[in-house]
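Undergrad: Would you be able to build a 3D model of this:
(chains A and B)
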Amino acid sequence: MSSKIGLETNSWRSGTLRPYESIGSIGAKYCYLNKVKTVEFAKLIRGFILENNSGIFHEYTLDNPHLDIKSLAKFLNEPLSIVDKLSFQGFNQLPHLTNETGFSLDGRHNLTYCPKCLSEGYHSTFHQINWISKCFIHGEALVQINSLNRPISKLGEDARLIDDLYDIWFSNDDVWGAAKAPYWDIQNHKVVITQANKIIHVLTSTEATLRDQNDHSQILIGQNPIAKLLLQTMTNNSCLYNPIKNIHTHEDMNVKSVIEYQCTPEEAGNILRMAEDNLYLLMHSRQAICEANDESTSWRKLLINFKDNLMRGHSACLREYKKSFEKIERIRIRHNSYVHPPYDMQRFRRVPCARIVTLNLLQIPLDFEYESLLTARSISDIHFKKSGIDRISELKNVGLIDEWNGDIVSDSHKIMKRYTPGNIHRTHFETESRRVSVYVPLNVLADIIDEILLAIAYSWIWGLYITETSEKILEESGVVPEKFLRSKFKELFPAIILQQSVNGLNLTIGSMVSYKQPNLTLTKPDRLQHFTNVKNKSKELAQMFDWELAERLRSADLENRYRGYIATNGRNCH
Amino acid sequence: MLDSLSIERTKLSTRLIAGRAFLIKTPQSAYYLKQMKNWLTTGSQGALVYGRPRLGKTSATRWTLRMLPELIGSFPSVEIPVRGQNIASERAFFQHLLRCVKHRHAMVGTAGDKRDRFSEFLISRALRSPINGAVLFFDEAQLLQDRQYDWLLNISNELDKNGCRLFCLLVGQSELTRTKTRFIDDGKEQIVGRFMVRELEFSGIRTQEDLVSTLNEFHKTIYPIGSGQLFAENFIPLAIKGGFDLASIGPAMWQSFEDLWIRAGLEDKVTIPMHYFTAALIGVLNSLVSKDKEGCDVSHDIIQKSITASGYIESLKILKARISNEISKA
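TA: Presented below is the predicted three-dimensional model:
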């Protein structure tokens, strides 16, 4: 079919195609010049897809290996060298990088653009890549707008952007001044190609390094694949000149200086052979025994200090909350009809002070019995399934792990317990403490884990801070704070790379947050104002409760009075 | 039974007669080329090229448009055959133009869409040409309807607005001059002024020198392209190798054509339309196939028979009838 299209002509302006131009950009221009609808352009592109196409629709339409590039170039009367640079085919398959970091060039579904590029009539596929937040040419922050257009049948996801770009460029005159001019400036492609080549070079050279390494020369940890990609490319290329860093979504990622841990090659080899999951299990057990033994590690000190900081200046709020809660509980219990108390620590609007929600959320990372800093598994799993860790005997032999038997105190994480009377009941099956037997890290492994836990602890506390400061947005959008916090935590989770060095191991941490506590202190006048607000909100919530209770009692009374009427369908009505 | 060489010769003959084999330079087309160059480089926006049927206007125009880029650089040109179709609407008219350029989207959209699409097609190409213009070659232009000139005017204005120029080359029968006169009478000066200021009356071969020169061009032509053999070698390879030159039959051919012209009782200067000349030449070559040898001799009889078979005599009768018709009308 494409050979037939090759004989046809069209009204495309030859020489205006630019390297890495998106299908949205090409489609919008094509539709404008040919005065046709998107459907015609879609038909055209489908015509260039060879018939032996497997039916898999690629993320980017022009990335389809079955697309007849030569015919497309001939049809548009554009040089093959430029048409060839419309796809990512040269570097979208980097298996080692994908395996290590989850690398992909997947695009955003919404239109993401550089305002400067758009004003020059250019939109690139690079602008759509989900881990790029700045223009690779101008360095300007990319802007994202919601796309209401549906995907186009048998074309990539990116084809839906055609209509968006058409509207932006050709339905108004503000964005691209020359859009409706009889000719478009033929831009210099050199800058685009140079900038794109820098990114491609970093990715392909990282891939080459990973390919040449053996399987156990590094461990890359992280819950954020995009951050992992950045750290991986940065450790393999000079950080200062890494072009990806400047345009990456996590450009603010702070790469800590490399920490070198001296150990024997045997110890290093055993650590590097550990699976990521095993490392998480040992982090969890490390947290548990540090709590049990009250060990003074940097991450524990940080969490305790952060908890104190959260409560400082809010003791009056918490007292007020407790007093009001107790009062409501007393009323509720005295009356027969059940009305739910207005308080809910899961929602900002159901507590008088936002800090109560934050303190409640802080219990998640502190709950090493079930969640821990890493949200891995409950301590019971580690306790009962010790075999979850591979190669135990080898790790034991080199002194990297050992079995720990001891008691851990239950519910030690429950900060809010003493402020929420009456709703915590312990059954007689539960005890104050429980005995566990787990494998714990030792020596150099414990040191490495402590450093990683510190980085994770910082991610938690900044996640909590951001959640609290997003109080209004969350209330308006109806998003549950815990859900928001968990997604934020995932986003802020550090990327960590552990690599073999001459003397042992090198640990590099890419932290998404600053290694300092957020400022939580209120000035004296602010504190007074805050407490007045808390009292008012407490009053409002109490009134709400009163109203709901009264409503319930009234309806219960009516029900009693008219029970006969309701039951007999009106026949015994007096 | 026909051998394969014979089939090939028949194919070649019919292809040449149909004007699909190759285009040849004639003195008339060389003059046409000179005129076209002049028109395009002096800012003209159209011209009338008219003449009797079978003179070779279409082939000469095609040859001219093919040669012009060597003189003034490449430019877009579109051949639009007007064949008396009933193209009453603007939508259908622009659809026809888009189909002539093999435009992918010729069939979709409104009249406005099609007009804009065609304008864009021309503008994008015209702006890249050294003359900043595009040429539309209307074949059988005498069949264009009045409103179609208005639509062409719109396109021309559109190109003007965008900094380039449309040149409408109106090629057709002598009626074209009458259309021009009618437009002047009707006050449609904008059309005449735009497209009909320049004129060229096309004629066939009119002198023996022209005829010899044309035969010489035929002789020099290599066909099929890339074969390395002269066109005449397809018929008389031995004679050509022996030094036979097609131009050598020129005087005899001219004599025969002139005799027929005089015998038809026509007073004007002898005119040989390219169609009959080509047909006669093919006839001669086919007649020589069986006599092919080094030192080939072409008899006067073969030439006369070939000219007679070409239909030249019938065309002279028609011409005479037309002239007497015109005289009686006058």
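
Undergrad: low-confidence ranges in chain A?
TA: A:1-3, A:52-57, A:238-241, A:332-339, A:375-376, A:384-387, A:421-431, A:558-574 (pLDDT under 70).

Undergrad: In it, which residue sits closest to chain B?
TA: At 3.5 Å from chain B, residue A:182 is the closest residue in chain A, using C-beta to the nearest C-beta. To be clear about C-beta, it is placed using only N, CA and C from the backbone, and glycine gets the same treatment.

Undergrad: Residue 272: neighbour count?
TA: Chain wasn't specified; assuming chain A. 17 (other C-beta atoms under 10 Å in any protein chain shown).

Undergrad: other chain: chain B
TA: Applying other C-beta under 10 Å, I find that residue B:272 has 27 neighbouring residues.

Undergrad: roughly how far apart are the nearest residue to it once chain neighbours are set aside and residue B:67?
TA: Spatial nearest neighbour of residue B:272, excluding adjacent residues (C-beta to C-beta, 6 or more residues apart in numbering or on different chains): residue B:205 at 4.2 Å. To residue B:67, residue B:205 is 19 Å away according to C-beta to C-beta, to the nearest Å.

Undergrad: Name the residue in these two with the higher neighbour count.
TA: residue B:205 (27 against 17).

Undergrad: what's the burial count for residue B:156?
TA: The tally of other residues near residue B:156 (other C-beta under 10 Å) stands at 23.

Undergrad: Now it: closest residue in space, sequence neighbours ignored.
TA: Looking at residue B:156 with C-beta to C-beta, 6+ apart, the closest residue is residue B:166, at 4.3 Å.

Undergrad: Check the offset of the helix or strand containing the one you found from the chain's centre.
TA: Take DSSP states H and E as the rule and residue B:166 turns out to sit in strand B:165-172. How far strand B:165-172 lies from its chain's middle: 14 Å, per C-alpha atoms, centre = their mean, to the nearest Å.

Undergrad: what mean pLDDT does that strand have?
TA: Averaged over strand B:165-172, pLDDT sits at 97.

Undergrad: Can you give the contact residues for it?
TA: In this structure, residues lying in contact with strand B:165-172 by C-beta atoms under 8 Å, 6 or more residues apart in numbering or on different chains are B:36, B:39-40, B:43-50, B:57-58, B:61, B:82, B:122, B:126, B:131-144, B:152, B:155-156, B:159-160, B:176, B:194-196.

Undergrad: Could you tell me which of those residues count as buried?
TA: B:36, B:39-40, B:44-50, B:57-58, B:61, B:82, B:122, B:126, B:131, B:133-144, B:152, B:155-156, B:159, B:176, B:194-196 (16 or more other C-beta atoms under 10 Å in any protein chain shown).

Undergrad: what sits against the most centrally placed residue in chain B?
TA: Nearest residue to the geometric centre of chain B (C-alpha atoms, centre = their mean): residue B:58, 2.1 Å. By C-beta under 8 Å, 6+ apart, the contact set of residue B:58 is B:19, B:139, B:171.

Undergrad: Please report how far the closest residue to the second one other than its chain neighbours lies from residue B:204.
TA: Taking C-beta to C-beta, 6+ apart as the measure, residue B:139 lies nearest to residue B:81, with 4.9 Å between them; neighbours along the chain are not counted. Residue B:81 sits 22 Å away from residue B:204, going by C-beta to C-beta.

Undergrad: next one: residue A:224
TA: The value you get for residue A:224 to residue B:204, if C-beta to C-beta is used, is 83 Å.

Undergrad: just residue A:521 next, same as before
TA: 104 Å.

Undergrad: the more surrounded of those two?
TA: residue B:204 (24 against 9).

Undergrad: Check the contact between the residue nearest to residue B:139 and residue B:100; I expect there is one.
TA: Yes: judged on C-beta atoms under 8 Å, residue B:81 makes contact with residue B:100 at a distance of 7.4 Å.

Undergrad: Looking at the two, which has the bigger crowd around it?
TA: residue B:100 (18 against 13).

Undergrad: Next, the contact list for that one, please.
TA: Counted by C-beta under 8 Å, 6+ apart, residue B:100 has contacts B:78-81.

Undergrad: what does residue B:320 give?
TA: Contacts of residue B:320 (C-beta under 8 Å, 6+ apart): B:264-266.

Undergrad: how about a cut-off of 6 Å?
TA: Contacts for residue B:320 (C-beta atoms under 6 Å, 6 or more residues apart in numbering or on different chains) come out as residue B:264.

Undergrad: Assign it to helix, strand or coil.
TA: In three-state terms, and counting by DSSP: H, G, I helix; E, B strand; the rest coil, residue B:320 is helix.

Undergrad: now it: how far from residue B:280?
TA: 20 Å.

Undergrad: Could you do residue B:198 as well?
TA: Residue B:198 is 32 Å from residue B:280, by C-beta to C-beta.

Undergrad: so what's residue B:47 bridging to?
TA: residue B:169, residue B:198 (DSSP bridges).

Undergrad: just checking, it touches residue B:198?
TA: Yes: the criterion here is C-beta atoms under 6 Å, and residue B:47 meets it with residue B:198 at 3.7 Å.

Undergrad: what sits in contact with each of those two?
TA: Contact with both residue B:47 and residue B:198 is made by residues residue B:39, according to C-beta under 6 Å, 6+ apart.

Undergrad: how about residue 76, what does it touch?
TA: Went with chain A since none was named. Counted by C-beta under 6 Å, 6+ apart, residue A:76 has contacts residue A:12.

Undergrad: Oops, wrong one, chain B.
TA: With C-beta under 6 Å, 6+ apart, residue B:76 has these contacts: B:125, B:134.

Undergrad: Can you pull the phi/psi pair for it?
TA: Backbone torsions of residue B:76, given as degrees, to the nearest 10, read phi -80, psi 140.

Undergrad: For residue A:77, see how far away it is.
TA: 12 Å.

Undergrad: So what's the residue count around the closest residue to residue A:102 other than its chain neighbours?
TA: Of all residues beyond its chain neighbours, the one nearest residue A:102 is residue A:225 (3.3 Å), with distances taken as C-beta to C-beta, 6+ apart. Around residue A:225 there are 18 other residues, counting by other C-beta under 10 Å.

Undergrad: and what of the one 4 residues further on?
TA: Residues near residue A:229, counting by other C-beta under 10 Å, number 27.

Undergrad: go on, residue B:222?
TA: 13.

Undergrad: Likewise for residue B:8?
TA: If we define neighbours as other C-beta under 10 Å, then residue B:8 has 12 of them.

Undergrad: what's the answer for residue A:211, then?
TA: Neighbour tally, residue A:211, other C-beta under 10 Å: 11.
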